[in-house]
Structure formats: C-alpha cells, structure tokens
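Visitor: Got a predicted structure plus its sequence, pasted below:
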Amino acid sequence: MGSVDHSIEKNVKAYEPSFEVMVPTPFVKFMRTCILWQIIRFIVINIKMIVVVQKSH
Amino acid sequence: MARLVVMGGGVSGHTAATFAKKWLGDEHEVVVVTPNSLWNWIPSNIWVGVGQMTKEDVVFPLAPVYEKAGIDYRQAKAVSIHPEGKTDSNTPYITIEYTGQGKEGQTEEITYDYLINATGPKLNFDATPGLGNGEGGIGEHTVSVCTADHAVHANLELQRIFEKAKKGEKQKILIGTGHGMCTCQGAAFEYIFNVEHEANKAGIRDMLDIQWVSNESFLGDFGIGGLHIKRGMYAASSKLFAESLFVERGINWTIGAHISKVEDKKAHYELLDGSTGEMEFDFAMLIPPFAGVGLKAYDKAGEDMTDKIFAPNGFLKVDADYTPKPYEEWKASDWPRTYQNPTYKNIFACGIAFAPPHLISKPMSSPNGTPINPTPPRTGMPSGIIGKAVAHSICDLIKEGENAHLHEASMAEMGAACVASAGKGLTDGTAAALTVYPVVPDFEKYPGIGRDLDYTFGEIGLAGHWIKHILHHMFLYKAKLKPGWTLIPE
Ligand SMILES: Cc1cc2nc3c(=O)[nH]c(=O)nc-3n(C[C@H](O)[C@H](O)[C@H](O)COP(=O)(O)OP(=O)(O)OC[C@H]3O[C@@H](n4cnc5c(N)ncnc54)[C@H](O)[C@@H]3O)c2cc1C
C-alpha cells in the first residue's frame, strides 16, 4: 500500500494509449504546486478570466 | 403593476429573479416558483461527494433571501403553462403544485405578464435501464453528484469503498457518463480526479482501479467539440491535455461509449464502432442524461400544445434556428440571442431550460444507429449571463413598452470561465483553470479551431484550486444578496 507513484515510468506502457500522450516532466509537476510560482499564476489567470468575463457581458 | 414569474430558482432563475427585482423595485412583482427550500451551489457538490465539504457548506435557505429582496417565493413546482389564458380570461397563467410552505400537494394558478422558464434539467436516470429506479430517481447500483443529497450519498458509498481498500481488497471505480447522449462531462471529470486525489491522500491509491467512461468521441471534447490552447509556439487540442492528465494520474479511459444498461456491479456498453462489452465496478458515479422537466402547455381551449412551444427533448423553443441541417452547415448564428419564445413573446428561457439548435460536438452514432455524442452543456457562467440578459430585456419591456430593445447573450459570442477541480487542498490541491471563447465555436470567424486563441487558455495548478475555492464563497455570497452582490459577475 501507500501513495501511488505517479512517475512517467509507472503509468506509460508501450503500444498502449498511454504511450501516445505527452507526459509532464517532474519540473512541470513541481511548478503546479510551487507556492511562489502559483501566486504569480493566480494573478495572471485572474486577469485573463476577468478579460473573458468582461468580453462576455 | 406588471408581474414577472420565474419558474426555477437555480443558477439562472435566481440570477434573473434577483436582478429583475432590483431593477423593477416595488412598482412591479417578481414571483419565483421553485420546488426546493434550499439553494445549492452545484459545482461544489463535487467536494461533498468526496467528503471535503458538507451539504451545509453548499446550500442555504431561499426563503429569507427572497423575503429580504421582496420577491414572492412559492416553494412549488410549475406544472403547466397557459399562455392564452382560459375560456373566460385572456390573462396568461401557470399552474403550480406546492412542495413546501405547509401547502404540500396543493395546486394554484399564478397569472403573469412575463414568464421565465429557468427550470434547468430533469436528471433523466431512467433513460438507462438500471441507472434509474423507474420512478425518475437514481437507481440502487450507482451514485450521482448532481444534487447535494446525491453527493452526500456518493461520499458515504465512496468511504465504504475506501474502507475495503484499506483492508486490502482491490476496488474498481467507474466514473463518467451513463448514456450516449449525456452532457456535463466536466462534472464527472472533476469527480474522478477528486476521488483519485483523496485515494492518494488516504494511501490506498494502489488498491483502486479507476476507470473513466464517456460518450465523447475524444477525451477532452466536453460537449463543446474540445478546445485549443496555446502552449509554447503551438495551438494544442484539449485531447492532448486531457489524455496527459489521465495518464499522469494512472486513470484508464473508454470513450465513445453509450451505457446501455446498469446492473449490480456491472455496466453494459456499446461503443461508436458498434462493439459491445461490460465493465465491472464496485463503485460507479455515472452522470444521467438531461431532459426538460416535463412542463406542459395548453391553449385557450385547454388543448395540449406542448409541442408548439417545447422541443421534443422538453426544452423551451427560443429564437434559435432549429432547421435540421448537417454538421458542415451549422453556423454560430443558429444559436439564440434573446431567448424569447417565437410564439409567445412574453415567455423567455434561460440556463439549461432553453432548447439548443443542435449539438456543439459533431454528431456521431454507432453502426447500429445508436447516437453517441455529448449534448451541449450550458455551464454556470452562460446560465448566469443569459439569466441576467433575459431579466434586463423583460425589465425594459415592462418599463419602456413592447418595442424595447431586447438584450442579447449568444453562446456563440460569449466565453466561459471554467475551473475544474482535480483535488482539494490549500497547498496540494490542483484544478484546471480554463477559459473558452466563444463557447459555441464560430468557424466562419475563426476557421479551423472555431475559437479565439487569445481568449481560450488553460492550465493546471494550485492557483486554479484557489480560484475554485474563492468562486465557491463568492457565488454563495452573491446568491445570498449580501452587500455589493451586484458587483460580482455571473
Ligand atoms: C455536479 C455538477 C458540477 C458542476 N460544476 C460546474 C462548474 O464547476 N462550473 C460551471 O460553470 N458549471 C458547473 N455545473 C453546471 C451548472 O451547475 C449548471 O450550468 C447550472 O446549474 C445551470 O443553471 P440552471 O438555472 O439552468 O439550472 P439549475 O441550477 O439546475 O436550476 C434549475 C432550478 O429549477 C428547479 N426546477 C426543476 N423543476 C422545476 C419545475 N417544474 N418548476 C419550477 N422549478 C423547477 C430546480 O429545482 C432548480 O432549482 C455543474 C453541474 C453539475 C451537475
């Protein structure tokens, strides 16, 4: 038991659908929960969303 | 004094009624007819379904809010519309049947000058044998997260599965759509990733075989024909992103699937290539197809004319181009702009209750003739924007007369911001934050991908989770009409 290993090696299998997809590198995965980077993304995403919301009203 | 009656106090009806009352003031009446005593922020049901929120976190009682706003609230379901009145009166009216306020089962007629149908979807579980109980409710084999109560039940069943997994028993989890013509893939998408996230936290991920099943012809279609997102120097299809996330989280997928029957721990399916099969499960959350709620319409003589104002799927006909035509001839301009019923100009629809002119995804069927394609979603933001536009039009009609200009809110000209949770947690949560512009692709304006790449974007991360969490509080705040509620966009 224990937390599943999400590493690329574990979930990608040759000649199966999982083989044909793009998989995130450990760096990409780290950045997804890196607090400092996510604070920046939070500001950027909010600005982008506000623009789309304004365009839609 | 004019009277506006709003049928349905969900996302779009509540928006329409509260804005209409604010703009009309005490000079005119706004009546809301809705069967529930509680308002539900439906998107957060996902978190109730994995035990991360309680029912109380996602609902609040409507009565005090409507009392504060000066809205006449009837806890009842609308049953029929009589747009021409009756033999001895030309005044249009609806009939309602109370479900609360101490008048359960009593019926009443309510006259109107303007009527909004915002009754949302009927959760049509019975469209799939075994998914429903034969009486319109959910069956005994699967769970749902479509209502707060369903989500509470889903979590109870999920915890049972988690307990078994903790004891070392391997468990099979099946999540997706329960019929070839379902919509709302996004909700199932959120649920599967939240279940996976919780299983990880509980240390039992290895004991779970998690499987996705849906009617999409490619993963990431979401009923909107997919979308493209700029990444690096490329415009990449949502298929790439969706498949990537599934592989990353170790979730297998079956797509192009119509669930034809559900039995105890077994779902039967037919695929787009015509083949059939079975999937076993210990726990399944399958979204039911949506239909109109079954309102009837009668003419002055009392003759049934439901098919005159409603489409065969039970949704209200509005100013869309309903001419049947092949996918290649679909146009963005087929989509409605004002949501006014073409026959009775004082009737409007908003949210899920309006009849879309056609699918957004390309129609597909198996060689056996079974349609297997997502039907058009009408998510929270379009539902709210349309509700507000319709309220605006009606207020102008009341104040300026019948020549007032109607407000427009075409889904082919508006975007949607969607945040799909992929796991809750202040520091380890993630969500896919997406915007799509426009919701209905316009291939004339944006050839090839149908959307403006500058306003269609998406990314996965903790920031998306924070936004989803903030939206939960913001929309509950707004729906409770707390100070400054009008400043919060739909
Ligand atoms: C699990 C789940 C998660 C979702 N997550 C998201 C998300 O993250 N983001 C997003 O944008 N959208 C999301 N959606 C979609 C969103 O909930 C809908 O777009 C929105 O609720 C549609 O609004 P509506 O007013 O048309 O329908 P509803 O909100 O369903 O309201 C319809 C109302 O009509 C009432 N009613 C029914 N029958 C009658 C009758 N006969 N007479 C009177 N009233 C009646 C119902 O009780 C209800 O109150 C999600 C949906 C689900 C099921």
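Guide: Received, thanks.

Visitor: which residue sits farthest out from the middle of chain B?
Guide: residue B:88 (39.2 Å; Cα atoms, centre = their mean).

Visitor: Can you pull the poorly scored residue ranges out of chain A?
Guide: A:1-9 (pLDDT under 70).

Visitor: Give me the contact status of the longest helix seen in chain B with chain A.
Guide: Using DSSP state H, we find that the single longest helix of chain B is helix B:380-400. Yes: Helix B:380-400 lies within reach of chain A by Cβ under 8 Å from any Cβ of the partner chain, at B:381, B:385. C-beta coordinates here come from the backbone N, C-alpha and C atoms, glycine included.

Visitor: From chain B, how far off is the spatially most central residue of chain A?
Guide: In chain A, the residue lying closest to the centroid (Cα atoms, centre = their mean) is residue A:32, at 5.7 Å. Separation of residue A:32 from chain B (Cβ to the nearest Cβ, to the nearest Å): 4 Å.

Visitor: which ones are touching the closest residue to that residue other than its chain neighbours?
Guide: Setting aside the residues directly before and after it, residue A:32 is nearest to residue B:461 in space (Cβ to Cβ, 6 or more residues apart in numbering or on different chains), at 4.3 Å. Contact analysis of residue B:461 by Cβ atoms under 8 Å, 6 or more residues apart in numbering or on different chains lists A:31-33, A:38, A:41, B:430-431, B:433.

Visitor: where do the helices sit along chain A?
Guide: Counting by DSSP H, chain A has helices at residues A:8-11, A:26-32, A:35-56.

Visitor: my guess is residue B:460 meets residue A:29, correct?
Guide: No: shown here, residue B:460 and residue A:29 do not form a contact pair, counting by Cβ atoms under 8 Å, at 9.5 Å.

Visitor: which one of these two has more residues nearby?
Guide: Neighbour totals were compared for residue B:460 and residue A:29, and residue B:460 leads with 23 against 18 (other Cβ atoms under 10 Å in any protein chain shown).

Visitor: isn't there a strand covering the more buried one?
Guide: Yes: assessed with DSSP: H, G, I helix; E, B strand; the rest coil, residue B:460 lies in a strand.

Visitor: Let me see the contact set for the closest residue to residue B:396 other than its chain neighbours.
Guide: Nearest residue to residue B:396, sequence neighbours excluded (Cβ to Cβ, 6+ apart): residue B:404, at 3.8 Å. Contacts for residue B:404 (Cβ under 8 Å, 6+ apart) come out as B:393, B:396-397.

Visitor: any idea how far the residue nearest to residue A:32 lies from the ligand?
Guide: As for residue B:461, its distance to the ligand is 17 Å (criterion: Cβ to the nearest ligand atom, to the nearest Å).

Visitor: Bridge partners for that residue, pull those for me.
Guide: Beta-bridge partners for residue B:461, by DSSP bridges, are residue B:431.

Visitor: how far away is it from residue B:341?
Guide: Computed as Cβ to Cβ, to the nearest Å, the residue B:461 to residue B:341 distance reads 43 Å.

Visitor: got it, and residue B:164?
Guide: Distance from residue B:164 to residue B:341, counting by Cβ to Cβ: 52 Å.

Visitor: Run a quick neighbour tally on residue B:476.
Guide: Neighbour tally, residue B:476, other Cβ under 10 Å: 18.

Visitor: Could you find the closest non-adjacent residue to it?
Guide: Nearest residue to residue B:476 in three dimensions, chain neighbours excluded: residue B:41, at 5.4 Å (Cβ to Cβ, 6+ apart).

Visitor: Quick check, the residue in the stretch 251-400 of chain B closest to chain A?
Guide: Per Cβ to the nearest Cβ, residue B:385 is where the stretch 251-400 of chain B lies closest to chain A, at 6.0 Å.

Visitor: OK, contacts around that residue?
Guide: Applying Cβ under 8 Å, 6+ apart to residue B:385 gives the contacts A:56-57, B:409, B:414, B:490.

Visitor: So among the contacts of residue B:461, which ones count as buried?
Guide: A:31-33, A:38, A:41, B:430-431, B:433 (16 or more other Cβ atoms under 10 Å in any protein chain shown).

Visitor: Mind putting these into JSON lines with distance to the ligand?
Guide: Formatted as JSON lines, the buried ones among the contacts of residue B:461 follow (distance: Cβ to the nearest ligand atom, whole Å):
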{"residue": "A:31", "distance to the ligand": "24"}
{"residue": "A:32", "distance to the ligand": "19"}
{"residue": "A:33", "distance to the ligand": "21"}
{"residue": "A:38", "distance to the ligand": "20"}
{"residue": "A:41", "distance to the ligand": "19"}
{"residue": "B:430", "distance to the ligand": "14"}
{"residue": "B:431", "distance to the ligand": "9"}
{"residue": "B:433", "distance to the ligand": "11"}
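
Visitor: Residue of chain B closest to the ligand, please.
Guide: Of all residues in chain B, residue B:10 sits closest to the ligand, at 1.7 Å by Cβ to the nearest ligand atom.

Visitor: That residue against residue B:350, yeah?
Guide: No: using Cβ under 8 Å as the test, residue B:10 is too far from residue B:350 to be in contact (9.9 Å).

Visitor: between these two, what contacts are shared?
Guide: Counting by Cβ under 8 Å, 6+ apart, the contacts common to residue B:10 and residue B:350 are B:118, B:383.

Visitor: quick one, which of these two is more surrounded?
Guide: Of the pair residue B:10 and residue B:350, residue B:350 is the one with more neighbours under other Cβ under 10 Å, namely 34 against 23.

Visitor: what's the residue nearest to residue B:476 in contact with, if anything?
Guide: Residues near residue B:41 by Cβ under 8 Å, 6+ apart: B:58-59, B:472, B:475-476, B:479.

Visitor: And it, how far from residue B:480?
Guide: Plainly put, residue B:41 is 10 Å away from residue B:480 if you go by Cβ to Cβ.

Visitor: Also residue B:346?
Guide: 30 Å.

Visitor: Got phi/psi on the closest residue to residue B:198 other than its chain neighbours?
Guide: In this structure, residue B:198 finds its nearest non-sequential neighbour in residue B:50, 4.8 Å apart by Cβ to Cβ, 6+ apart. Per-residue torsions, residue B:50: phi -120, psi 10 (degrees, to the nearest 10).

Visitor: okay, now residue B:50: neighbour count?
Guide: Number of residues near residue B:50 (other Cβ under 10 Å) recorded here: 27.

Visitor: OK, contacts around it?
Guide: B:155, B:158, B:191, B:194-195, B:197-198, B:424.

Visitor: What helices and strands are in contact with the lowest-mean-pLDDT helix or strand in chain B?
Guide: Within chain B, no helix or strand scores below strand B:228-231, which has a mean of 91 by mean pLDDT, DSSP states H and E. The contact analysis (3 or more Cβ pairs under 8 Å, 6 or more residues apart in numbering or on different chains; DSSP states H and E) places strand B:228-231 against strand B:234-237, helix B:238-248, strand B:457-461.

Visitor: ok, 6 Å please
Guide: strand B:234-237 (3 or more Cβ pairs under 6 Å, 6 or more residues apart in numbering or on different chains; DSSP states H and E).

Visitor: Figure out how far the strand it packs on is from the centre of its chain.
Guide: 27 Å (Cα atoms, centre = their mean, to the nearest Å).

Visitor: tell me which strands and helices that strand is in contact with?
Guide: strand B:228-231.

Visitor: Cheers, nothing more for now.
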